[in-house]
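Chemist: I would like to see how this sequence folds:
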Amino acid sequence: MQGYSPLQAGLRYAPSTLMIVLVAPIAGRLASRYGYWVPVTTGTTLAAAALLLFTQSEAGTPYPELLGPLLLLGIGLGLTISPITAAAVAGMPPGQAGVASATVNTNRQVGGALGVAVLGAIVTARFSAELPSALAPLHLPAAVSERIEAAASQGVTGASGAGSGGASGAVHQAVSGAFMTGIHSAYLVSGTGLLVASLLAVFLLRPRVHRREEALAREAAQEAGQAGEPAREAGQVGRPLA
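Modeler: The predicted structure is shown next:
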């Protein structure tokens, strides 16, 4: 909506990607020291906060005002991605670690595709529902309004291009406002989902880590007990008979 080319838009998302790369090693150290649930809970909460902050943006919001939430989103994702994979691998027997890692990657790809489809449907539905009320104050002819609403499936450019005459600027502004309403709905759904994921990480990952440590301690105790039995037997063999 601000006229960026694909390259310009990609470069403006680069700081978020850079934060993911920089924070990922820190996430590994946090997971090793405090358990997987700490970076995952913190990361999903920060990412949710970033998405909820995006709901305050408008079509003409300058990029410097969006940079803060973008960096926050990158930090949150950087804290989340690698510990989730490590938790899945650690929760499986060593012989099935590859299966666990592959399952996580597959779920991530399927979830990404499904998420784009669901959120895209939310944006389109909300945009189409909001557009008539956004156009109403312009008092456009019925035929023009219908043409704009029919072009809503083509996004802001298609719907704005369906306007005519001197009202094209006002039409673009109304269409952009309706589209941002749809975008805000998608951000709200995504942010809420991440908050739910944060709660799940607290209740699921933390007990799972403790159970894993307890299982390792039991295995070590059993191995120590089994290793001690031959020594005791050898001691009994070498003891003189009364």
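Chemist: okay, CA-based contacts and neighbour counts for the rest of this
Modeler: Will do.
Chemist: Pull the number of nearby residues for residue 199.
Modeler: Neighbour count of residue 199, defined by other Cα atoms under 10 Å: 15.
Chemist: surely it meets residue 43?
Modeler: No: judged on Cα atoms under 8 Å, residue 199 makes no contact with residue 43 at a distance of 11.7 Å.
Chemist: Summarise which helices and strands the biggest helix by length in the chain is packed against.
Modeler: Longest helix in the chain by number of residues (criterion: DSSP state H): helix 97-135. Under the contact definition 3 or more Cα pairs under 8 Å, 6 or more residues apart in numbering; DSSP states H and E, helix 97-135 sits against helix 63-90, helix 142-150, helix 168-200.
Chemist: Flag every buried residue along the shortest one.
Modeler: Looking back up the chat, that one is helix 142-150. By 16 or more other Cα atoms under 10 Å, the buried positions in helix 142-150 come out as 145, 148, 149.
Chemist: go on, the first one?
Modeler: Applying a neighbour-count criterion of 16+ other Cα under 10 Å, the buried positions in helix 63-90 are 66, 68-90.
Chemist: returning to what we had before: and the helices and strands packed on helix 97-135: which comes nearest residue 136?
Modeler: Smallest distance to residue 136 across the helices and strands packed on helix 97-135 (Cα to Cα): 8.6 Å, for helix 142-150.
Chemist: Phi first, then psi, for residue 139.
Modeler: phi 50, psi 50 (degrees, to the nearest 10).
Chemist: Now do it against residue 8, distance only.
Modeler: Per Cα to Cα, to the nearest Å, residue 139 is found 36 Å from residue 8.
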